[in-house]
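>>> test case, fold it:
(one chain, ligands or ions: 1)
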Amino acid sequence: MDMDSENTIVIDDRRCSFQQGETILQVAQRNGIHIPTLCHLKGASPTGACRICLVEVEKARNLVASCAAPAVNDMIVKTGTPRIVKVRNMNIEFLLASGHHNCFAQDMDPDSWTDFQLRAMETKGHEDLCPAYGDCRLQELAVKYQIKTGRFMPVDTSFPIEDVNPFIVRDFSRCILCGRCVQACNEIQVNNAISLGYRGSSSKIVTKGDMPLKDSDCVFCGECVQVCPVGALITKHEFRSECSKVETEDAKKIRTTCSYCGVGCQIYLHVIDDTVVKVTGVDDVPPNYGSLCVKGRFGFDFIHHQERLTTPMIRKNGELKDASWDEALDIVAEKMKQIKKESGPDSIGVLTSARISNEENYLAQKFTRAVIGTNNVDHCARL
Ligand code: FES
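Now for the predicted structure:
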């Protein structure tokens, strides 16, 4: 433990040093002290929206949101007093009651449902398993703190599901207005496409003019989907029941490099039965630190597309026919030799690609210069 007497706070009887500007949550996390969070998003400024990360600070009248409160020298902080537990649990109950969260009725005998569950199961679409079931931060907190969900009745939403775009489904009935999507859009991706709109019970995440995403400034990078802690933002792949968010969590995660451009974003391919069902960014590593663009995140249908070419083809008598790689390479080599002999090396040019690796591009220019004997080498500008 660092013991800098100038800058220390005491969290749960442990003295911890801190740097000017650090929040109580950051100091706790750095020292391995667990404080539960929900709306907190690493890399974005805190909103203090969910009040799950509450702590008790000596001499402070109210409980403090640790994700938003800066550490101050000699502060005495407690993270798990009965007062904190009581208020935190109530906040989780409020969040559960703020929308359509029927997960608590799943896998349970209807005879043991509480009034909350009965009401939840009366709402439209109740029979649908939430696409985030099993991978929902709110559900996880409710189970962990054994929330009974009996005190507050669920509130219906008047906003219909929005799915008029090829990538993202917005289910406002499951939104808890934690603001993570807004922070991700505005501060991580800096697209400024969404914000919190309206007031009170009409509050909603909106685009400019409250238009559907497809008519807004949204570029469909999917950062909002990646950070949504509940089932309010889901990819279309996950929304279709053949591939729920739960199933994708069971998928094999294979780390690789995105091949759409030369940036080299690090991605996970989520694979079930040899089929890619989802792509996510790899957190905390350069160059993308978990973020992706629309192509990297959603452009993977081509991998298993039935029209994808899986073998070289050679045109014989005007018709394209499948061929082996040896046959194809032989014919290309023959024709190139013939062109070089008849018209000289400068009659040949090689186009490489931003989609291939540095090493492959190096080999292509080496082949062009050393084997063919021309400097006519460039790359295809269109990705
Ligand atoms: Fe701190 Fe939500 S995590 S208020």
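>>> any low-confidence regions in the protein?
Along the chain, the parts satisfying pLDDT under 70 run over 1-5, 104-128, 149-150, 154, 239-249, 381-383.
>>> tell me the residue furthest from the middle of it?
Glu342 (55.2 Å; C-alpha atoms, centre = their mean).
>>> and the gap between the residue of the stretch 101-250 of the chain found nearest the ligand and Cys50?
Residue of the stretch 101-250 of the chain nearest the ligand, by C-beta to the nearest ligand atom: Cys178 (6.8 Å). All C-beta spots, glycine's among them, are computed from the backbone N, C-alpha and C. According to C-beta to C-beta, to the nearest Å, Cys178 and Cys50 sit 5 Å apart.
>>> and for Val276?
Look at Val276 and Cys50: by C-beta to C-beta, they are 33 Å apart.
>>> so for these two, which residue has more residues nearby?
Cys50 (28 against 16; other C-beta atoms under 10 Å).
>>> so that one makes contact with Leu95?
Yes. Between Cys50 and Leu95 there is a contact at 6.9 Å, judged by C-beta atoms under 8 Å.
>>> what parts of the protein come near the ligand?
The chain comes close to the ligand at residues 37-40, 48-53, 65, 67, as judged by C-beta under 6 Å from any ligand atom.
>>> what about those, which are in strands?
Counting by DSSP state E, those place Ala65 in strands.
>>> and Glu93, what element?
helix 82-97 (DSSP states H and E).
>>> for that helix, name the packing helices and strands.
Secondary-structure packing of helix 82-97 (3 or more C-beta pairs under 8 Å, 6 or more residues apart in numbering; DSSP states H and E): strand 54-57, helix 137-144.
>>> redo the ones you listed as a markdown table? Include mean neighbour count and distance to Ala333.
Output for these, formatted as a markdown table (neighbours: other C-beta atoms under 10 Å; distance: least, C-beta to C-beta, whole Å):
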| stretch | mean neighbour count | distance to Ala333 |
| --- | --- | --- |
| strand 54-57 | 22 | 70 |
| helix 137-144 | 18 | 57 |
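>>> and the contacts of stretch 287-305?
By C-beta atoms under 8 Å, 6 or more residues apart in numbering, the surrounding residues in contact with stretch 287-305 are 43, 166-167, 188-189, 219-223, 226, 235, 258, 260-261, 263-267, 269, 275-276, 279-284, 308, 383.
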